[in-house]
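Colleague: just need the structure, nothing else, for what follows:
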Amino acid sequence: MLPKIITTQQDLEEICQSFLNNSPEFICIDTEFVRQTTYWPELGLIQMASAKDAVVIDPIPNNLSLSPLLPILRHQGIVKVFHSGRQDMEIFWMKFNELPSPIFDTQIAATFLGLGAGMGYERLVDSLLGISVDKSSQHTDWLKRPLSKEQLKYALNDVLYMRQLYPVLLQQLIEKGRFEWMQDELAILTADETYSIKTEDIWKRVKHQFRGWQELSLLKDLCAWREEQARKQGLNRTSLLEDKIILTLCQSPLLPKSECEDLFKKGRQLVLKRKLFDEFFFVYEKACHLTQDEGEMGHARHLEMKAALKKIYPKTLPEDIKARVSKLKDILNGRANELGIPSHLIAGRSDIESFSTLPLRSHKILSGWRKEIWNGQLEMFFDEKP
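Modeller: Below is the predicted model:
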């Protein structure tokens, strides 16, 4: 039997209203998309399931407007359930410039229950439901039509199993007193800044080992240009211009235009095919000159990048603070092992170092649910002088 497939605007409006009329406590949502060469994910399908109904929404044949989904996504009385939902959430951000709320993430829940960090969907279904998920359609091109009966069933099964997982995970979280523990992680998923990338900050996502402010300055400007063009052209960043090309240019003196073009020709840089090379070279040349500018603009950039380097490579901690950091890490790792959760969910490196430097009872690692887990093990830090 085929899943219920929604392909017309009228049917989409009716099914969304039907979901709302049933006043569900939760609706499980999953999406299928393709993103290999594009800036934004290209949506193929949306699957939804409540306790009473389940559908596959196919927006492609009739280029559906997805606005009928908004009352569901906004409804504060309906929990929207995802598994590893960041990319699904990004699709709704792209479509509506707003995010579903409230949400529940089965992968995050499994992590806080000690079932394993970053557990894949198939493993979680097998572990909790004893069901082996058919993976034969997982590499489907979700933009290609028609989709087979097996592909549509595969897509719908994601939410059918999820609606069985959700009550089980929720009950276990409540029984263990850990439901509140996961709220910080869910807040990250529902924060606009998680998906709204500032062009001037995109360089921070590129892996590098630069120690010089000039290299960092070039990286900032070249990545900002690439980001603007990738959005404008609708292209994947690295399809337009690979990181390794940018990093090479950042570490070299200003190349002549012909040498720079030759460097691009060695890879598959769409900058050349899209006839953007002249514009790129202008930006590259300007960025290089800025690092040599002794005027006000050059001085401001120098200070900005020096400050950035201090954050990337903070000063070595004094020996007494290092000892406190080591002691805190041992306590943290021991407690995390006892709870069965990753230690970084309790405290990250910066949290550990800041608390070791200046222990405060108002510190993040002693706030909210974290305050309850230490069993007085951090009291010693308040008795010692930093």
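
Colleague: so where do the helices sit in the stretch 201-350 of the chain?
Modeller: 213-233, 237-240, 243-250, 257-265, 270-273, 277-290, 296-312, 319-339, 349-357 (DSSP state H, counting those that start in this stretch).

Colleague: equivalent analysis for the stretch 51-200 of the chain, please.
Modeller: Using DSSP H, counting those that start in this stretch, helices in the stretch 51-200 of the chain cover 70-74, 86-96, 106-112, 121-129, 149-175, 183-189.

Colleague: any chance of these in a markdown table, with mean neighbour count and distance to Leu345 too?
Modeller: C-betas here are computed from N, CA, C, even on glycine. Listed next are the helices of the stretch 51-200 of the chain as a markdown table, based on neighbours: other C-beta atoms under 10 Å; distance: least, C-beta to C-beta, whole Å:
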| stretch | mean neighbour count | distance to Leu345 |
| --- | --- | --- |
| helix 70-74 | 16 | 27 |
| helix 86-96 | 18 | 16 |
| helix 106-112 | 24 | 7 |
| helix 121-129 | 17 | 17 |
| helix 149-175 | 18 | 14 |
| helix 183-189 | 15 | 7 |
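
Colleague: who wins for proximity to Trp225 among those helices?
Modeller: Trp225 sits nearest to helix 86-96 of all these, at 21.8 Å, using C-beta to C-beta.

Colleague: check which helices and strands that closest one sits against.
Modeller: The helices and strands touching helix 86-96, judged by 3 or more C-beta pairs under 8 Å, 6 or more residues apart in numbering; DSSP states H and E, are strand 26-34, helix 70-74.

Colleague: run the chain-centre distance for it.
Modeller: 11 Å (C-alpha atoms, centre = their mean, to the nearest Å).

Colleague: again with stretch 329-337
Modeller: The answer for stretch 329-337 is 26 Å, by C-alpha atoms, centre = their mean.

Colleague: next one: stretch 375-382
Modeller: 34 Å.

Colleague: start to end distance for it?
Modeller: End-to-end distance of stretch 375-382: 15 Å, with C-alpha to C-alpha, to the nearest Å as the criterion.

Colleague: which of the residues in that stretch are buried?
Modeller: Along stretch 375-382, these residues count as buried under the neighbour rule (16 or more other C-beta atoms under 10 Å): Leu378, Phe381.

Colleague: list of residues touching that stretch?
Modeller: By C-beta atoms under 8 Å, 6 or more residues apart in numbering, the residues outside stretch 375-382 that reach it are Arg324, Leu328, Ile331, Arg335, Phe355, Ser356, Pro359, Arg361, Ile365, Leu366.

Colleague: still on that earlier bit, looking at the helices and strands packed on helix 86-96, which is nearest to Glu285?
Modeller: strand 26-34 (36.2 Å).

Colleague: low-confidence regions, the stretch 201-350 of the chain specifically.
Modeller: In the prediction, the stretch 201-350 of the chain carries no residues with pLDDT under 70.

Colleague: repeat the analysis, applying 90 as the threshold.
Modeller: 266-269, 273, 314-315 (pLDDT under 90).

Colleague: hang on, the earlier thing: which of the helices of the stretch 51-200 of the chain sits closest to Asp293?
Modeller: Between these, helix 86-96 lies closest to Asp293; by C-beta to C-beta that is 37.5 Å.
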